[in-house]
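Student: predicted model and sequence below, questions to follow.
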Amino acid sequence: MNILALDTSAGTSVAIARDGVTLARRDESDTRGHAEAVGRLVSEVLAEAQLVAADLDLVVVGVGPGPFTGLRVGIAAGIGLAAGIERPVVGVPSHDAVALARLEIEPTATTVITDARRREVFVTDYSGLDAHGLPVAAADARTEPRAWADDRPEPVVAEVPAAQLAHIAWLRQQAGVPQRGTDPIYVRQPDVSRAKPKRVL
């Protein structure tokens with residue numbers, strides 16, 4: 001099973017995996033150049049894996065938490081690509097990917113922290129891995145002041161590894177666990193809101 005995964009909740013990360021093994025990955029830490037980077041990185045990983053888009057069986061997108069605009073770029077790109085090649089698309093919480101990378105090395109509780117801007121961070125606590133090897137969130141994602149993160153042993157993560165998103169989707173497939181949809185995880189309201197109608201006298 002060839003899986004393409006991408007995430008733009010922090011930097012931009014794109015990876016291709018086959019049956020749980022990563023074939024190619026690209027990561028960029030720029031948090032404001034997602035739209036420019038995502039298409040190029042998809043082309044690069046396809047070329048490295050010696051695949052074309054039609055060879056993909058599944059597209060996976062990181063669904064956050066993340067800043068509104070950046071997060072939407074990756075989700076929209078994944079949905080658009082999947083529609084173009086008529087393949088399914090699923091979502092994986094972005095923090096799950098970071099948690100999996102850590103918990104596979106040391107299977108104890110961990111906390112994932114990413115930059116939320118506006119002097120805040122997004123935070124998800126994990127209790128460990130379940131029987132299928134999937135990360136278990138102890139509670140929903142939340143925001144904390146940036147200063148809160150300064151006192152934590154865990155670093156603020158600059159990039160979410162798309163390779164781990166692909167691995168989570170593959171583990172779910174193998175275990176028969178239902179996949180998640182692509183609805184984004186918004187811990188707070190977006191900066192842009194609909195204007196209130198003006199009163200006409």
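Tutor: Okay, I see it.
Student: for the rest of this, base every contact and every neighbour count on C-alpha atoms.
Tutor: OK.
Student: quick one: low-confidence parts of the protein?
Tutor: 189-201 (pLDDT under 70).
Student: need the helices for it, in chain order.
Tutor: With DSSP state H as the criterion, the chain has helices at 34-48, 68-85, 94-103, 146-150, 162-175.
Student: for the second one, list the C-alpha coordinates in CSV.
Tutor: The C-alpha atoms that make up helix 68-85 are tabulated as CSV, following Å, rounded to 0.1, in the frame of the first residue of the first chain:
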residue,chain,number,x,y,z
PHE,A,68,-5.8,28.3,10.9
THR,A,69,-4.2,29.4,7.6
GLY,A,70,-1.2,27.0,7.6
LEU,A,71,-3.3,24.0,8.6
ARG,A,72,-5.8,24.6,5.9
VAL,A,73,-3.1,24.6,3.2
GLY,A,74,-2.1,21.0,3.8
ILE,A,75,-5.6,19.7,4.2
ALA,A,76,-6.8,21.4,1.0
ALA,A,77,-3.7,20.1,-0.9
GLY,A,78,-4.3,16.6,0.3
ILE,A,79,-8.0,16.6,-0.5
GLY,A,80,-7.4,18.1,-3.9
LEU,A,81,-4.7,15.5,-4.8
ALA,A,82,-6.8,12.6,-3.6
ALA,A,83,-9.8,13.9,-5.7
GLY,A,84,-7.6,14.2,-8.8
ILE,A,85,-6.4,10.6,-8.6
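Student: mind listing what's buried in it?
Tutor: By neighbour count on 16 or more other C-alpha atoms under 10 Å, the buried set for helix 68-85 is 68-75, 77-79, 81-82.
Student: what's the answer for the first one, then?
Tutor: For helix 34-48, the neighbour count (16+ other C-alpha under 10 Å) marks H34, A35, A37, V38, L41, V42, E44, V45, L46 as buried.
Student: try the third one
Tutor: By neighbour count with 16+ other C-alpha under 10 Å, helix 94-103 contains the buried residues S94, H95, D96, A97, V98, A99, L100, A101, R102, L103.
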